[in-house]
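# Structure for this input, please:
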Amino acid sequence: MENIITFESAARLGSFTRAGAELHLSQAAVSRQIQKLEERLGVPLFIRGHKEVTLNAAGKLFQNAVTESISTIQRCVDDIERLDSCKATVAASLGMSSFWLMPAILVFQKHYPNIDIRVLASDETCDFRHDPVDFAIQYGDGHWPGVTAIEILEEVLFPVCSPQYLEQRGISRVEDIAEETLIDYDKSNSRWATWEAWLKSAGMKTKPLHIGLQLSHYDLVYRAVCAGHGIGISWSYAIPQEARDQLVVRPIDAVVRTGHAEYLVYPKDKPLSKSAQILLNWLVGYAESSVWK
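A predicted model of the protein is given here:
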């Protein structure tokens with residue numbers, strides 16, 4: 001093991017002398033340890049120069065293996081430290097973090113003020129091998145290899161608008177919606193939350209629609225709806241509770257259920273810390289009470 005540590009330092013620094021200084025060894029001691037490692041492997045690992053050394057092909061292969069092993073050990077150390085930590089880290093998409101997770105955490109911390117929460121907000125799918133998170137909120141069908149997936153929020157979509165917009169219209173059925181100014185969610189960001197898909201799923205035949213705005217992020221859709229620019233589509237969990245029937249109303253009762261959902265997911269081979277388990281269990285319970293039914 002000592003020889004491997006010496007190799008890693010020399011390979012990274014490109015010098016036996018600098019490796020010796022880092023490890024508090026003489027240049028000669030570093031050279032001897034590298035030589036022993038090379039003898040054990042049966043191949044040279046370095047091309048020796050006057051003052052510097054460079055890795056040969058075998059050396060580069062060995063460096064990659066050593067670097068990957070060190071990273072794995074470091075992640076394991078981090079995971080062990082988190083087991084007794086009073087912190088929990090959650091990953092979620094930008095929209096989920098803003099409209100559902102953060103309000104949930106604010107309530108959670110009133111009950112568990114000693115648990116510190118970190119939110120990793122990104123629309124990139126969480127990679128548990130590299131991202132320093134305990135668990136994530138992930139959208140889909142719940143079938144992902146290597147993870148435990150707990151469904152918390154079924155995807156239910158319905159029309160929303162401002163009270164002021166609704167006062168000026170006579171809307172009572174799905175067909176009436178198609179005659180209104182619509183705020184659309186860019187179909188490249190959502191398969192279901194577009195007006196074309198929603199109206200088709202709600203049973204209406206295709207017809208020309210008046211799309212007043214097409215926006216790339218749900219936050220923009222929400223802001224446009226609140227400002228009275230038209231009718232948008234929302235998830236049952238994506239309207240803040242304090243805004244329901246105040247800033248935003250549902251013009252009709254029709255909903256579309258897509259068969260997908262938001263899930264709490266975490267690796268099967270990595271136990272949750274006590275704090276993360278408390279947060280996860282609490283979010284499961286909170287989810288049921290947070291949806292707009």
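# what's the weakest-modelled helix or strand in the protein?
Least confident helix or strand, the chain: helix 57-83 with a mean of 79, by mean pLDDT, DSSP states H and E.
# Residues in contact with the helix or strand following that one: which ones?
Sequence order places strand 87-92 as the next helix or strand after helix 57-83, per DSSP states H and E. Strand 87-92 is contacted from outside by 101, 115-122, 126, 131-137, 273, 275-276, 278-279, using Cβ atoms under 8 Å, 6 or more residues apart in numbering. Just so you know, the C-beta spots here come from the backbone N, C-alpha and C atoms, and that holds for glycine as well.
# Which of those residues are buried? Put it as a ChimeraX command.
Here is the ChimeraX selection string for the buried members of the contacts of strand 87-92, based on 16 or more other Cβ atoms under 10 Å:
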select :101,115,117,119,126,133,134,135,136,137,273,275,276,278,279
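# that older thread, helices or strands next to the least confident helix or strand of the chain in the packing?
Under the contact criterion of 3 or more Cβ pairs under 8 Å, 6 or more residues apart in numbering; DSSP states H and E, helix 57-83 touches helix 2-13.
# Now do the buried residues in the helix it packs on.
By neighbour count with 16+ other Cβ under 10 Å, helix 2-13 contains the buried residues Asn3, Thr6, Phe7, Glu8, Ser9, Ala10, Ala11, Leu13.
# pLDDT of it, averaged?
Regarding helix 2-13, the rounded mean pLDDT is 87.
# Residues touching the helix or strand just after that helix, excluding its own?
Heading C-terminal from helix 2-13, the first helix or strand you meet, by DSSP H and E, is helix 16-23. In this structure, residues lying in contact with helix 16-23 by Cβ under 8 Å, 6+ apart are 5-6, 9-10, 13, 25-27, 29-31, 34, 51, 53.
# in the protein, which spans are strands?
Secondary structure of the chain (DSSP state E): strands at 46-48, 53-55, 87-92, 116-121, 135-140, 147-160, 181-185, 210-215, 232-235, 256-267.
# Spell out which residues sit in contact with Leu215, please.
By Cβ under 8 Å, 6+ apart, the residues touching Leu215 are Ile183, Asp184, Tyr185, Asp186, Val221, Ala224.
# so can I have a markdown table of the strands of the chain showing mean pLDDT?
Shown next, in a markdown table, are the strands of the chain (pLDDT from 0 to 100):
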| stretch | mean pLDDT |
| --- | --- |
| strand 46-48 | 91 |
| strand 53-55 | 91 |
| strand 87-92 | 94 |
| strand 116-121 | 94 |
| strand 135-140 | 96 |
| strand 147-160 | 97 |
| strand 181-185 | 94 |
| strand 210-215 | 93 |
| strand 232-235 | 97 |
| strand 256-267 | 96 |
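# Nearest to Arg169, out of the ones you listed?
Nearest of the strands of the chain to Arg169, taken as Cβ to Cβ: strand 181-185 at 9.7 Å.
# counting contacts, what elements does the closest one pack onto?
Packed against strand 181-185 by the contact rule (3+ Cβ pairs under 8 Å, 6+ apart) you find strand 210-215, helix 218-226, strand 232-235.
# now what about stretch 25-33, what contacts it?
By Cβ under 8 Å, 6+ apart, the surrounding residues in contact with stretch 25-33 are Glu2, Asn3, Thr6, Phe7, Ser9, Ala10, Phe16, Thr17, Ala19, Gly20, Leu23.
# could I get the residues you listed as TSV with distance to Ala197?
As requested, those are exported to TSV (distance: Cβ to Cβ, whole Å):
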residue	distance to Ala197
Glu2	62
Asn3	61
Thr6	60
Phe7	57
Ser9	57
Ala10	59
Phe16	64
Thr17	65
Ala19	60
Gly20	65
Leu23	61
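# Can you tell me which of those comes closest to Ser290?
Using Cβ to Cβ, Ser9 is the member of the contacts of stretch 25-33 that lies nearest Ser290, at 52.0 Å.
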